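Student: Next comes the sequence, and after it the predicted model I'd like to discuss.
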Amino acid sequence: MWFKMTVAATIAMGLGVGACSDNEPSKTASNEETVRSELAQATTLQPGQYAANVEVIRVDVPGLPAEQAKMLGGMMSSSTAVEHSYCLTPEQASRSGRDMFAEMAKGDGNCQFADFDVDGDRVSGHLTCTGGRGGATSAIALDGTMQAASSDVHMTMTVNDSHMPQGRMEVEMRAVTRRTGECTAASAAAAQ
């Protein structure tokens, strides 16, 4: 799941955040088909080897003692601090982010995009998931840019879960990808 979220965030970065102006109608997506339709307008990614970094910017768990909050933030940061490399095959690149965001919407529970906008190299959206452990819900807001060989996406995830102090947690992160060259034979085989 972490890798799917990283790839989805990376692809979102390259798509960019859709900023709607007053003279343009908002393009929204409330289901998988509409998300795919929006993504059909997105920048097509170049196949090749990519490096991905996910940075945890902020972890906020109201009611959690400061020392535990610092430890949780440190654990989340250290788990994402490693640069990950992956091969984007020509077939995967031709689909741009269509399948990745559809997979993101499926998630581990019942997830739905409340809105999803693509405007040139900018992408934005809001995803809500229900049916988590003990009735937990989550909301993810994402926005960023996606170009043919790079992406930069900012995400804020809010989790409502009765198992947490004060029932809530918020995590802010940034996912950045960049094309580093051609895929190696081994990385291309692993991507299949």
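Tutor: Nice, thanks for sending it over. Residues are numbered from 1 along each chain as shown.
Student: Neighbouring strands of the helix or strand containing V54 in the sheet, and parallel or not?
Tutor: Under DSSP states H and E, the secondary-structure element containing V54 is strand 48-60. Its sheet considered, strand 48-60 pairs with strand 84-88 (antiparallel), strand 168-181 (antiparallel) by DSSP bridges.
Student: helix or strand right after that strand?
Tutor: Downstream of strand 48-60 (by DSSP H and E), the next one is helix 66-80.
Student: and the angle for that next one with strand 48-60?
Tutor: Per axes from the mean of the first three to the mean of the last three C-alpha atoms, to 10 degrees, the angle that helix 66-80 makes with strand 48-60 is 180 degrees.
Student: Any idea which of the strands paired with strand 48-60 gets closest to M146?
Tutor: Across the strands paired with strand 48-60, M146 has its closest neighbour in strand 168-181 (8.9 Å, C-beta to C-beta). Bear in mind the C-beta positions are built from the backbone N, C-alpha and C, glycine included.
Student: which residues are in contact with the strand holding V54?
Tutor: Residues from elsewhere that reach strand 48-60 (C-beta atoms under 8 Å, 6 or more residues apart in numbering): 6-7, 9-10, 69, 72-73, 76-77, 80-81, 83-88, 149, 169-184, 187.
Student: Dump the strands paired with strand 48-60 to a markdown table, plus distance to C129 and mean neighbour count.
Tutor: Listed next are the strands paired with strand 48-60 as a markdown table, based on distance: least, C-beta to C-beta, whole Å; neighbours: other C-beta atoms under 10 Å:
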| stretch | distance to C129 | mean neighbour count |
| --- | --- | --- |
| strand 84-88 | 23 | 18 |
| strand 168-181 | 14 | 18 |
